[in-house]
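In: Sequence and computational prediction follow.
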Amino acid sequence: MANPWAGEVEIWLDGVSHRAKLTLGALAELEESLGVTSMIAMIERFEGGTFSSRDVVAVLVAGLRGGGWSGGMDEFLLAELKGGPVQAAHLAATLLGRAFRVDGA
């Protein structure tokens, strides 16, 4: 089970629960996969509503990898995500929000 206080989100792939977390390493991987030059640029992309479904998938894969999952984009694209596209967008937003949450806020 994921611990939201530790920035974790629970993601179900093919009926199996996984912990996802955007660690610093996962964020660096995410910046590279999205082709952005900074975390601020990445957040602006999501806050401005200019993100794509590929961006959402990139956030989820980075979070899963930050949580210890050894898969990658290809494995994720072949898996069944519980909740589908709407849940994917919600999970990506939650991951980003928890990664940049300021304690006490």
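Out: That came through, no problem. On a predicted model such as this, the values are computed, not experimentally measured, just so you know.

In: buried ones in the worst-scoring helix or strand of the chain on mean pLDDT?
Out: Ranked by mean pLDDT, DSSP states H and E, the helix or strand of the chain with the weakest confidence is helix 39-47, at a mean of 83. Neighbour-count burial for helix 39-47 flags 39, 42, 46 (criterion: 16 or more other CB atoms under 10 Å). Using the backbone N, CA and C atoms, a C-beta is placed for each residue, glycine as well.

In: How about stretch 45-62?
Out: So, applying 16+ other CB under 10 Å, buried residues of stretch 45-62: 46, 51, 55-62.

In: can you list the residues you listed in TSV and add distance to residue 34 and secondary structure?
Out: Shown next, in TSV, are the buried residues of stretch 45-62 (distance: CB to CB, whole Å; DSSP: H, G, I helix; E, B strand; the rest coil):
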residue	distance to residue 34	secondary structure
46	10	helix
51	9	coil
55	6	helix
56	11	helix
57	11	helix
58	6	helix
59	8	helix
60	12	helix
61	11	helix
62	9	helix
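
In: Now for those residues: which two are most distant?
Out: Farthest apart among the buried residues of stretch 45-62 by CB to CB are 46 and 61. That separation is 15.3 Å.

In: Let me see the ranges of the helices in the chain.
Out: With DSSP state H as the criterion, the chain has helices at 24-34, 39-47, 53-66, 73-78, 84-99.

In: Quick one: residues contacting the closest residue to residue 25 other than its chain neighbours.
Out: Using CB to CB, 6 or more residues apart in numbering and skipping residues adjacent in sequence, the residue nearest residue 25 is residue 66, 6.7 Å away. In this structure, residue 66 makes contact with 20-23, 25-26, judged by CB atoms under 8 Å, 6 or more residues apart in numbering.

In: Just flag the most distant two among the residues you listed.
Out: By the measure CB to CB, 20 and 25 form the most distant pair in those, at 13.3 Å.

In: who's more crowded, those two?
Out: A count of neighbours by other CB atoms under 10 Å puts residue 20 above the other of residue 20 and residue 25, at 27 against 11.
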